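Enquirer: Got a predicted model here, sequence first, then my questions.
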Amino acid sequence: MNFPTNLQGLFIDGQWSAGSEHLRVINPATEALLTTVNGGDARAVDQAVRAATAAFSEWSKTTGADRGAILRKIAAGVQAAREQLMNVQSSNNGKPLFEAAIDVDDVIATFDYYAGLAEALDAQQDNAVQLPNEDFSARLRREPCGVVGLIVPWNFPMVTTAWKLAPALAAGCCVVLKPSEVTPLPELQLARIIADAGLPKGVFNLVCGTGLVVGAPLSADPRIAKISFTGSNAVGVQVMQRAAESVKGVSLELGGKSSLLVLKDADMELAVELACGGGFFNAGQMCSATSRVLVADERLDEFLVRLKTRAEAIRVADPFDPNVEMGALVNQAQYQRVLGHIDRGLSAGARLLCGGNRPADLSRGYFLQPTVFTDVPLDSALWCEEIFGPVICVRSFAAEAQAIALANDSQFGLVASVVTRDAETADRVANDLQAGLVWINAPQVIFPQTAWGGYKQSSIGRELGPWGLQAFQEIKHVIRAV
Ligand code: NAD
């Protein structure tokens, strides 16, 4: 795919413009320069926040039905540009085209879902609250929390944006969005669709740029009511610290170290498919990657034989190859980071079952073989830290309680998966796992209706569902003497 050069990286107060910061955007499958984007700086952040603040008084008073109509237009615009958006995602992020299609469909579903919630808001506004005392009446209002800053990562660029932007606009908030400097192209494309959807100027603003130059001033700006951030824990902590200065709300979606539990009665073919899906989808660059696989003692040998065979057969290739199963990692830094984890895992005594290298037929691009380790020490970085690459660590367990303890023994608690033929066991285990979402015998399907977020250091708050909307609302009660 060819991109125009020197793309304008600012959309502020309804106008596109070029900022002073020069971002180089790479195709991770070829290492070639895709294009350059002229992003912004602290001054652009200031202008964007000013525009959003000016737009807020009118936008916050629109009806839910009006906002829902615009969200439906955005969903229709994304649907119309589906192919183009898939191509942009695969070119900029390195994910296979079939994965990019899942992302675009998720974005459409998210905007449609929050259009419905926005439309439903009008009937809920000013509803009477039952009081125990007849001398007073009370009504409940849900109001938009104000101007919000949305900061997103590179692994699911358009999806993480939609999960924040759709509920923020549905609630009646005005927005300043900062995409990842690694993958600004999907958001630039999405922003063009949003710009054509009929939003008043200043309601949606976009500032491309790096974390320190754009993300940091956005997090600190006292005019912003809330920051919704998805990214690494290290940066999430910095965002929270900056936001604390002006006591602004924060929603954080951070890292994970999730487990797939294969119980003794599991369907092994299904278990292997789910292990590969949870470990190698998006080249493992998922906060929800089930990078720990826990297998019942008596089924371990069989599982490892099947997993090795399947992992070695996965076709790693260019994202546009019609037979691709796994694409490229996003950039040189991420590639080196994952290779470093593999090296340290070997030094720590973990046993490499398969993978660990660049595929022999791919001499350039950030490609890595699907990698499986066994005998991983419990105190090693490989077992404890988020790897964010196509690397699975397998361990066995003797009893259900031990599997649950191993899965819960983490600073994170984002998701988990359970594979068993016994429905009662599945529910019992799911209930004991410290995770915001548990899949039973299912791939990592996500619906706008179910919440996204986790326990412990994985998250603060929840996205999607009504909880995703509430994150951008203030609750107001009005009590009157009668
Ligand atoms: P990152 O933390 O490096 O960057 C995320 C965003 O923050 C980017 O837009 C970046 O420019 C910006 N940023 C960087 N420094 C900043 C600063 N000082 N102040 C404000 N903003 C700053 O993360 P990444 O490498 O882009 O993404 C990978 C991480 O994201 C992984 O840890 C992954 O687990 C996490 N993630 C979590 C979820 C979830 O839902 N929990 C989803 C996707 C990714």
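Expert: Cool, got the structure.

Enquirer: ok, residue 164 touching residue 463?
Expert: Yes - between residue 164 and residue 463 there is a contact at 7.1 Å, judged by CB atoms under 8 Å. For every residue, glycine as well, the C-beta is placed using N, CA and C.

Enquirer: So for these two, which residue has more residues nearby?
Expert: Neighbour comparison, residue 164 and residue 463: the larger count goes to residue 164, with 27 against 24 (by other CB atoms under 10 Å).

Enquirer: Next, the more buried one: secondary structure please.
Expert: With DSSP: H, G, I helix; E, B strand; the rest coil as the basis, residue 164 sits in helix.

Enquirer: just the strands in the stretch 201-350 of the chain please.
Expert: In the stretch 201-350 of the chain, strands defined by DSSP state E, counting those that start in this stretch lie at 204-207, 226-230, 249-253, 259-262, 292-296, listed in chain order.

Enquirer: rewinding a little: anything in contact with each of residue 164 and residue 463?
Expert: Common neighbours of residue 164 and residue 463 (criterion: CB atoms under 8 Å, 6 or more residues apart in numbering): residue 228.

Enquirer: quick one, what contacts residue 28?
Expert: Contacts for residue 28 (CB under 8 Å, 6+ apart) come out as 93-94, 327-331, 365-366.

Enquirer: Tell me which helix or strand it sits in.
Expert: For residue 28, there is no host helix or strand (DSSP states H and E).

Enquirer: Neighbours of the closest residue to it other than its chain neighbours, how many?
Expert: Take residue 28 and drop its neighbours on the chain: the residue closest to it by CB to CB, 6 or more residues apart in numbering is residue 94, 3.7 Å away. Per other CB under 10 Å, the neighbour tally for residue 94 reads 30.

Enquirer: cool, and residue 126?
Expert: Residue 126 has 11 nearby residues by other CB under 10 Å.

Enquirer: Please verify my assumption that it contacts residue 141.
Expert: Yes - at 6.1 Å, residue 126 and residue 141 qualify as touching, with contact defined as CB under 8 Å.

Enquirer: quick one: contacts of stretch 88-101?
Expert: Residues from elsewhere that reach stretch 88-101, judged by CB under 8 Å, 6+ apart: 1, 3, 25, 27-29, 34, 82, 85-87, 103-104, 154-155, 157-158, 183-186, 189, 281-283, 319-321, 324-330, 365-366.

Enquirer: Which of these fall in helices?
Expert: Counted as lying in helices by DSSP state H, out of the contacts of stretch 88-101, are 82, 85-87, 103-104, 157-158, 184-186, 189.

Enquirer: Name the residues of stretch 250-265 that are buried.
Expert: Using 16 or more other CB atoms under 10 Å as the test for burial, stretch 250-265 gives 250-264.

Enquirer: distance between it and the chain's centre?
Expert: 14 Å (CA atoms, centre = their mean, to the nearest Å).
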